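> Below are the sequence and a predicted model; questions follow.
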Amino acid sequence: MAQLVLWDIDHTLIDTRGVGRELSAAAFKRTTGLTMREQAKIDGITEPVIFRETAKLHGLTTDRAAFERFAEALAEEHLKHAAELRERGHALPGAAAALYALDAEGIRQTVVSGNVRPVAEIKLQVFGLDRPILWGLGAYGEDADGRAELVRLCLRRAETSSAEAVLIGDTPADVEGARMNGVPVIAVATGRSDETTLRAAGAETVLPDLRDKETLAKLVRGAGRS
């Protein structure tokens, strides 16, 4: 039985419906002085990589200090616009029920996300999804560039083996990051990747969404069994 669930956030638990990109653009302008004309690929990608690659699209070379300024500005923008995020975005169907059902079973839950931690916290708080999350066990965009590194760090922080964890996410990057660490995956086709794409990436199980909390709980309980 899995003792720890590692949740992705965007398009797994919530959808910001464009607000996230607008706030990234505001933080980008605050950091670089430039209007963000285009943004690098974001699906499954961590925030430092998105910032670095977006800066390149605008002819800029950035360093860690620039990313840290961007991350601080991004957190401030999310905090300032939390009400707008709540109004325009939404928790995905079944997300709250799934989180609280697993919590009721005593299963630890945390986040492995490309978001920086303050933004991850705000995103789940505004939709009432934060209470079951053990934030100190998670891994976030500021911790590493790659998903596999984040999963590895999370397992270390939680003092949990890969056989006792399961990752739930919506992108091939989530799947690959988990599999590189031997962590079972429950993929959800709630983002831009369909079931075929997620299975091709190596997901053992793919669900259409999180609506069926009983099936999800059963899959989590059975994760890691051979």
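Yep, it's here.
> shouldn't T12 be in contact with A173?
No. Between T12 and A173 there is no contact under C-beta atoms under 8 Å: 11.8 Å. Any C-beta I mention is one placed from the backbone N, CA and C, and that applies to glycine too.
> okay, the two: which has more neighbours?
Using other C-beta atoms under 10 Å, the more surrounded residue of T12 and A173 is T12, with 24 against 21.
> Contact partners for that one?
Neighbouring residues of T12 by C-beta atoms under 8 Å, 6 or more residues apart in numbering: 92, 95, 168-170, 174, 188, 190-191.
> for it, phi and psi?
phi -110, psi -50 (degrees, to the nearest 10).
> ok, back up a step: next step: the contacts of T12 restricted to strands.
Taking DSSP state E, the ones among the contacts of T12 that sit in strands are 168-169, 188.
> Number of residues surrounding T61?
Neighbours of T61 using other C-beta under 10 Å come to 8.
> Next, the spatially closest residue to D43 that is not a sequence neighbour: phi, psi?
Spatial nearest neighbour of D43, excluding adjacent residues (C-beta to C-beta, 6 or more residues apart in numbering): T171 at 5.1 Å. Backbone torsions for T171, taken as degrees, to the nearest 10, come to phi -120, psi 160.
> Check whether T171 really touches D8, as I assumed.
Yes. Using C-beta under 8 Å, T171 is in contact with D8, at 7.3 Å.
> Return the alpha-carbon coordinates of the lengthiest helix in the chain using CSV.
As assigned by DSSP state H, the longest helix anywhere in the chain is helix 64-80. What follows is helix 64-80, C-alpha atoms only, in CSV (Å, rounded to 0.1, in the frame of the first residue of the first chain):
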residue,chain,number,x,y,z
ARG,A,64,20.0,32.2,-10.7
ALA,A,65,19.7,35.6,-9.1
ALA,A,66,17.3,36.7,-11.9
PHE,A,67,15.2,33.6,-11.4
GLU,A,68,15.0,34.3,-7.7
ARG,A,69,13.8,37.8,-8.4
PHE,A,70,11.2,36.4,-10.9
ALA,A,71,10.1,33.8,-8.4
GLU,A,72,9.5,36.4,-5.7
ALA,A,73,7.6,38.6,-8.1
LEU,A,74,5.5,35.7,-9.3
ALA,A,75,4.6,34.8,-5.7
GLU,A,76,3.6,38.4,-5.0
GLU,A,77,1.5,38.6,-8.2
HIS,A,78,-0.4,35.4,-7.2
LEU,A,79,-1.0,36.7,-3.7
LYS,A,80,-2.2,40.1,-5.0
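> moving C-terminal of that helix, what's the next helix or strand?
Per DSSP states H and E, helix 64-80 leads on to helix 82-88 as the next helix or strand towards the C-terminus.
> Which strands and helices lie in contact with that next one?
Secondary-structure packing of helix 82-88 (3 or more C-beta pairs under 8 Å, 6 or more residues apart in numbering; DSSP states H and E): helix 19-32, helix 117-125.
> Just send the ones you listed back as TSV, with mean neighbour count too.
TSV is the format used below for the helices and strands packed on helix 82-88 (neighbours: other C-beta atoms under 10 Å):
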stretch	mean neighbour count
helix 19-32	19
helix 117-125	22
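> Appreciated, that's everything.
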